[in-house]
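Asks: Predicted model follows, preceded by the sequence.
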Amino acid sequence: MATYAGNQFLVYVGLNDGYNFGIETQEADGSLHRWNLDTVNDIDFSGGVIQEYVPRTGQKVFRETDLFTTRNGGTYSWAFDWLVDSEEILQFLVKSAIDLTATGLVYITGEKGHASDYVVGSAAGNTLQVCIVSPDASETRVLHSAVVTELTLSMDAGTNGGRLRASGTIWSGFQPNVATNAVTDGSTASNTDFNQGLFDCHAIEIATTQVTCKSFSFTISHPAARVGFAICNSNDAEPQEYVRNRLEITGSINVKMDDTSVAQQAFWLAGTSKAILVGDEGTSGGGSATKIFFEFPTVKYTGHNVDLGSEDGVFIELPFTATATGSNKLMYLKLTN
């Protein structure tokens, strides 16, 4: 086998477009988008391999048969870190993370339920297929029936020209396929450029007051778990379905020390809720937003961290947790070019 460089590996991703959930079927090239990552990680197989030592009597060292290994009941994950350049892939990730549509202005309420039916054989529309194409054609990995269990969106004025960066984890309860590459580069779907970032956010507000921001990030955590066991794709003990657990959003905004940011310490200590808005317009609800908009109407601060050692101006980090009750909104979001 030849020696390959990491940048020779390609990644393609597609949103489920009607294939039965859990059924290992190669998405058509026209449904896959080339994902231009900084670096390519391999699938983490460790959660899918269950090993146990069962020492038996009769000798002082382990026998070969004392180590039990199985892939039944395992899970698999894949980590990514990406300077966002595709509107379609970004919306795939958001849609899978929040289990809702991600086209146009979207929001999550306190009454959020399940949008997808994650049962084998169903057309679960918020699942992904990730193809890691190897220069060794026989070693292409396909992670199918996968969901985004963690997604971090971040912008920093001092990095990458302030552009939006996405990182996180894609998870599947089904065994990945390792086989001959079936993706034809150049026949895949085209990407719409996305180059928005912090400098496009003309409205950055805390409780409707404009602030000076150095960085902003938030993480959507929406774990999944296997339910049941079934024979699927000729594999024993694949899941019958998934369940999506509690959706949580935590974040942090780093703003210049001024009257507004200093005042937030009292609100943190008192447990008072506040609103945070970052976008290309400042109307609550994002009705006039055009390309990039994030709003968290009711956050609880989880800290108030002042960097007094900075020679580039004193800034305050305000970590937060987004909250919502009933029909109230947890988050508004719009990402389009």
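Replies: Good, I have the coordinates. Quick caveat, the model's predicted, so the values are computed rather than measured.
Asks: Which residue is the nearest non-sequential neighbour of Phe225?
Replies: Small correction: residue 225 is Ala, not Phe. Val243 (5.4 Å; C-beta to C-beta, 6 or more residues apart in numbering). For glycine as for every other residue, the C-beta is placed from the backbone atoms N, C-alpha and C.
Asks: Tell me where this structure has helices.
Replies: 87-98, 259-270 (DSSP state H).
Asks: With respect to Tyr118, which of these lies nearest?
Replies: helix 87-98 (11.2 Å; C-beta to C-beta).
Asks: So what's the gap between that closest one and the chain middle?
Replies: Taking C-alpha atoms, centre = their mean, to the nearest Å, the mean C-alpha location of helix 87-98 is offset from the chain mean by 8 Å.
Asks: Then stretch 239-246?
Replies: The answer for stretch 239-246 is 17 Å, by C-alpha atoms, centre = their mean.
Asks: What lies in contact with it?
Replies: Stretch 239-246 is contacted by residues 22, 99, 114, 118-120, 147, 173-174, 222-230 when judged by C-beta atoms under 8 Å, 6 or more residues apart in numbering.
Asks: do that again at 6 Å, thanks
Replies: With contacts defined as C-beta atoms under 6 Å, 6 or more residues apart in numbering, stretch 239-246 is touched by 99, 118-120, 173, 222-228, 230.
Asks: These: which two are farthest apart?
Replies: Largest separation among the contacts of stretch 239-246 by C-beta to C-beta: His222 and Ala230, giving 23.5 Å.
Asks: Who has more neighbours out of those two?
Replies: Using other C-beta atoms under 10 Å, the more surrounded residue of His222 and Ala230 is His222, with 20 against 14.
Asks: Skip the chain neighbours and tell me the closest residue to the more buried one.
Replies: Per C-beta to C-beta, 6+ apart, closest to His222 is Leu247, 4.5 Å.
Asks: Report the separation between that neighbour and Thr140.
Replies: According to C-beta to C-beta, to the nearest Å, Leu247 and Thr140 sit 32 Å apart.
Asks: Please apply the same query to Ser172.
Replies: Distance of Ser172 to Thr140, computed by C-beta to C-beta: 16 Å.
Asks: which of these two has more neighbours?
Replies: The neighbour count for Ser172 versus Thr140, taken as other C-beta under 10 Å, is higher for Ser172 (29 against 22).
Asks: How about the contacts made by the residue nearest to that one when sequence neighbours are not counted?
Replies: The shortest distance from Ser172 to any residue other than its chain neighbours is 4.0 Å, reached at Ala146 (C-beta to C-beta, 6+ apart). Ala146 makes contacts with 128, 170, 172, as judged by C-beta under 6 Å, 6+ apart.
Asks: Format those residues as CSV; extra columns: pLDDT.
Replies: Listed next are these as CSV, based on pLDDT from 0 to 100:
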residue, pLDDT
Leu128, 92
Ile170, 98
Ser172, 95
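Asks: with these in mind, which one is nearest to Thr260?
Replies: Comparing the contacts of Ala146 against Thr260 with C-beta to C-beta places Ile170 closest, at 37.8 Å.
Asks: one step back: quick one: the residue nearest to Ser172 and Val243, what's the gap?
Replies: Note on Ala146: its distance to Val243, by C-beta to C-beta, is 15 Å.
Asks: which regions of the protein sit below the pLDDT cut-off?
Replies: Applying pLDDT under 70 to the chain flags residues 1, 17-19, 25-30, 101-103, 115-116, 124-125.
Asks: when you compare where the strand ranked longest in the chain runs with where helix 87-98 runs, what's the angle?
Replies: The longest strand of the chain (DSSP state E) is strand 140-156. Per axes from the mean of the first three to the mean of the last three C-alpha atoms, to 10 degrees, the angle that strand 140-156 makes with helix 87-98 is 90 degrees.
Asks: and strand 140-156, which strands flank it?
Replies: Counting by DSSP bridges, the strands paired with strand 140-156 are strand 128-133 (antiparallel), strand 165-172 (antiparallel), strand 177-179 (antiparallel), strand 213-221 (antiparallel).
Asks: Count the neighbours of the nearest residue to Phe68 once chain neighbours are set aside for me.
Replies: The shortest distance from Phe68 to any non-neighbouring residue, by C-beta to C-beta, 6+ apart, is to Glu52 (4.8 Å). Neighbourhood size, Glu52 [other C-beta under 10 Å]: 9.
Asks: Glu52 contacts Thr69, doesn't it?
Replies: No: contact criterion C-beta atoms under 6 Å: Glu52 and Thr69 do not qualify, at 8.2 Å.
Asks: buried residues in stretch 145-159?
Replies: For stretch 145-159, a neighbour-count test (16 or more other C-beta atoms under 10 Å) marks 145-157 as buried.
Asks: So what sits opposite the residue most central in space within the chain in the bridge?
Replies: Centroid check for the chain by C-alpha atoms, centre = their mean gives Leu151 as the closest residue, at 2.5 Å. Assessed by DSSP bridges, Leu151 has beta-bridge partners Gly168, Ile220.
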